[in-house]
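> need the 3D shape of this:
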Amino acid sequence: MKDGPAWKIVLIDDEEDIRDVVSIVLEDQGFSVAAAENGEKGLALCRTLSPQIVITDIRMPGMDGIQVLQTLKEEIEDIEVIVVTAFGEIEIAVRALQLDASDFITKPIDEGALFVALDRAQKRYTSQKALKDYTGFLEREKAKTAEELIRIYSFQKNLIENSMDGILACNETGQVVTFNRQMEKMLGYKKEEIKGRRFFPELFEENGDQALKKAMAGPEFGGENRLFLYETLLKTKAGRTIPVQVSAAVLEEREEERGWVCFFRDLRQIRKLERELSDQAGILHQDKMMSLGRLSASVVHEINNPLFGVLNYVRLMIRILNRGPLESGDAEKFMRYLALVEKETERCSTIISSLLKFSRKSEPRFGEVDLNGLLDKCILLSRHKLELSGIEQVSRIDEGLPVIQGDSNQLQQCLINLIFNAVDAMPRGGTLTLSCSHDPREKRVNLGVRDTGAGIKKEDLPHIFEPFFTTKKEGYGVGLGLSTVSGIIEHHRGSVSVESRPGHTLFTIGLPV
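The predicted structure follows:
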């Protein structure tokens, strides 16, 4: 993949197995690799070794990958950072790209994707270093006129033409003097159509060029006469608009403006990732609404019983009052009836509150999760459905379970999905066992959902977590449930596994403590 001296890479990940495996793979390809288990140690290695490339996990205790990326970009100018994300973290990946990460790859790390990202990072590093050397050359030579600037650019044609960013430069009169291959690709113009023309305003939507120049003159985006990570829209030859990120600088000599140069980064891929994030959120909510529909009928029955009791007690109290003034024995009955009404009303309120909280469309929010409380909510919402299906529910939950970090609402969605699948697997009744145990050696908790149904066919097992795969009859499911469970648990840096045979199917969710 490379020639000359070995490229130096610093690998930062809090999981020892990943550090070991990825290091071996990279060293087999001739890279020089140093690994660190957290962000602080990774930064220390970077300051000591001056690597060209850093591969960092996003989610780590202490300093996370985004903080590592920001710090490296502030401290080490010539460095490329590849971030490693989990499923459902597209929004964070987009944030990393906006902070000038060279690329991102997802867990579990695929060798092919890893080497593609490394190849892109190497090319980007080489290109940007050459551009920096070229800029230094311009400063050393003290180019006096725009004409001399053009002449020097001609000697660096390959550097400009092969840049991953679109490059456009204008002289002091606004005439385009540089319009590289990436600009041609983005906008659909040939450089012969553009060079020598005062074309800059035509590249933007209405007054977009003036807004860009105003931003360049102010301090907000990098300082006076400089622009860094400014976002705007460019207009293509076909009349379409494309989102871009701009870095730019005014070229000055003896305090006189001699032109300006802009570097445009195409943001269409980032916008696509943002749309995918929105789609994923929609799928999660769609799955939750399907679960809610299945819960509703059961919850109506669950609420009906206590409401019937409340109604009867109220009628009894009205009947007593209609007889005349309360006697001492009647007052005692009243207090007993009111206590029962309060208890049953509170039961209804708890069920409704749990259902409303489950149904609410909410942004993913990680915090402390009480596993006992989580399991109690799932049992409360599904209890009547289990009773109607002739299913006995058994709980085997360890005492003293640790608090974990996660999104309580999403984890509840996973468990409700697994409970419903278990109910579907036992149409003639059976036993549903919910378990939760703590493994201190592995620093994880294991949540289990076991049923005594027919089991999953051996040939279906490898596919059950694939989107839209279903073994149910048409009209009974679209195959999103287990795919959603898998995605949510990956986002929590956990794992989900299944073992199945006739009379025994066990889904196990492992979550880090």
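> what's stretch 8-17 in contact with?
19, 22-23, 26, 31-39, 41-42, 45-46, 49-57, 60-61, 65, 68, 84 (C-beta atoms under 8 Å, 6 or more residues apart in numbering). For every residue, glycine as well, the C-beta is placed using N, CA and C.
> look up how far residue 397 lies from the residue lying closest to residue 199 once chain neighbours are set aside.
Nearest residue to residue 199 in three dimensions, chain neighbours excluded: residue 176, at 5.2 Å (C-beta to C-beta, 6 or more residues apart in numbering). The gap separating residue 176 from residue 397 is 70 Å, by C-beta to C-beta, to the nearest Å.
> which of those two has more neighbours?
residue 176 (21 against 14; other C-beta atoms under 10 Å).
> my guess is the more buried one contacts residue 202. True?
No - contact status for residue 176 versus residue 202: not in contact, 10.3 Å apart, counting by C-beta atoms under 8 Å.
> just to revisit the earlier point, filter the contacts of stretch 8-17 down to the buried ones.
With neighbours counted by 16 or more other C-beta atoms under 10 Å, these contain buried members at 19, 22-23, 26, 31, 33-36, 38-39, 41-42, 45-46, 51-57, 60, 65, 68, 84.
> where exactly do the strands run in the stretch 201-350 of the chain?
Applying DSSP state E, counting those that start in this stretch to the stretch 201-350 of the chain gives strands spanning 226-235, 241-253, 256-266.
> quick check: buried residues in the first one?
Okay, so that is strand 226-235. 227, 228, 230, 232, 234, 235.
> just the pLDDT for the third one.
If I follow you right, that is residue 230. With respect to pLDDT, residue 230 has a value of 86.
> who touches it in this structure?
Residue 230 touches 212, 215, 216, 221, 245, 246, 247, 248, counting by C-beta under 8 Å, 6+ apart.
> which one of these is nearest to residue 437?
residue 245 (48.4 Å; C-beta to C-beta).
> show me the contacts for that closest one.
Per C-beta under 8 Å, 6+ apart, neighbours of residue 245: 98, 229, 230, 231, 264, 265, 267.
> farthest-apart pair in those residues, please.
98 and 264 (14.6 Å).
> more crowded one of those two?
residue 264 (23 against 14).
> so what's that one closest to, chain neighbours aside?
Here the residue nearest residue 264, using C-beta to C-beta, 6+ apart, is residue 166, at 3.9 Å.
> go ahead and confirm that neighbour touches residue 266.
Yes - using C-beta under 8 Å, residue 166 is in contact with residue 266, at 7.3 Å.
> any residues in contact with both of those two?
With C-beta under 8 Å, 6+ apart, residue 166 and residue 266 have common neighbours 186, 244.
> compare these two (neighbour count), which wins?
residue 166 (22 against 18).
> which residues are in contact with the more buried one?
Contacts of residue 166 (C-beta under 8 Å, 6+ apart): 180, 182, 183, 185, 186, 187, 244, 263, 264, 265, 266.
> mind doing that once more with 7 Å?
When contacts are counted by C-beta atoms under 7 Å, 6 or more residues apart in numbering, residue 166 is found next to 180, 182, 183, 186, 264.
> burial count for the second one?
Residue 182 is flanked by 21 other residues according to other C-beta under 10 Å.
> quick check, it in a strand?
No - assessed with DSSP: H, G, I helix; E, B strand; the rest coil, residue 182 is helix; it does not lie in a strand.
> with adjacent residues omitted, what lies nearest to it?
Per C-beta to C-beta, 6+ apart, closest to residue 182 is residue 166, 4.3 Å.
> for the one you found, phi and psi?
Dihedral pair for residue 166: phi -70, psi 130, per degrees, to the nearest 10.
> swap in residue 164?
Given degrees, to the nearest 10, the pair of backbone angles that residue 164 has is phi -70, psi -20.
> pretty sure it contacts residue 125?
No - counting by C-beta atoms under 7 Å, residue 164 sits too far from residue 125 to count as a contact (10.9 Å).
> higher neighbour count, those two?
residue 125 (17 against 14).
> do you know how far the more buried one is from residue 229?
When residue 125 is compared with residue 229 (using C-beta to C-beta), they lie 19 Å apart.
> any chance of the strands of the stretch 201-350 of the chain in JSON lines, with distance to residue 387 too?
JSON lines is the format used below for the strands of the stretch 201-350 of the chain (distance: least, C-beta to C-beta, whole Å):
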{"stretch": "strand 226-235", "distance to residue 387": "56"}
{"stretch": "strand 241-253", "distance to residue 387": "54"}
{"stretch": "strand 256-266", "distance to residue 387": "58"}
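> closest to residue 103 out of these?
strand 256-266 (13.0 Å).
> since we're on the nearest residue to residue 173 once chain neighbours are set aside, how many residues are nearby?
Nearest residue to residue 173 in three dimensions, chain neighbours excluded: residue 198, at 7.2 Å (C-beta to C-beta, 6+ apart). Counted with other C-beta under 10 Å, residues neighbouring residue 198 total 12.
> just checking, residue 198 is part of a helix?
No - counting by three-state DSSP, residue 198 is not part of a helix but coil.
> that one contacts residue 175, doesn't it?
Yes - counting by C-beta under 7 Å, residue 175 is a contact partner of residue 198 at 5.8 Å.
> got phi/psi on residue 407?
phi -100, psi 110.
> convert the C-alpha atoms of stretch 6-24 to CSV, please.
Extracted as CSV, the C-alpha positions of stretch 6-24 are listed here (Å, rounded to 0.1, in the frame of the first residue of the first chain):
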residue,chain,number,x,y,z
ALA,A,6,7.0,2.9,7.2
TRP,A,7,4.0,5.1,8.0
LYS,A,8,3.5,5.6,11.7
ILE,A,9,0.1,5.0,13.1
VAL,A,10,-1.3,5.6,16.6
LEU,A,11,-4.3,3.3,17.4
ILE,A,12,-6.5,4.5,20.3
ASP,A,13,-9.2,2.1,21.6
ASP,A,14,-10.3,1.1,25.1
GLU,A,15,-10.9,-2.6,24.0
GLU,A,16,-7.7,-4.6,24.3
ASP,A,17,-8.9,-7.3,21.8
ILE,A,18,-9.5,-4.6,19.1
ARG,A,19,-6.1,-3.0,19.7
ASP,A,20,-4.3,-6.4,19.4
VAL,A,21,-6.1,-7.6,16.3
VAL,A,22,-5.9,-4.2,14.4
SER,A,23,-2.2,-3.8,15.3
ILE,A,24,-1.3,-7.2,13.9
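> buried stuff in that stretch?
Residues 7, 8, 9, 10, 11, 12, 13, 14, 18, 19, 22, 23 are the ones in stretch 6-24 that count as buried (16+ other C-beta under 10 Å).
> and of these, the nearest to residue 239?
Out of the buried residues of stretch 6-24, the member with the shortest distance to residue 239 (by C-beta to C-beta) is residue 7, at 43.0 Å.
> quick one: the closest one from residue 27, how far?
On the measure of C-beta to C-beta, residue 7 and residue 27 end up 11 Å apart.
> cool, and residue 389?
56 Å.
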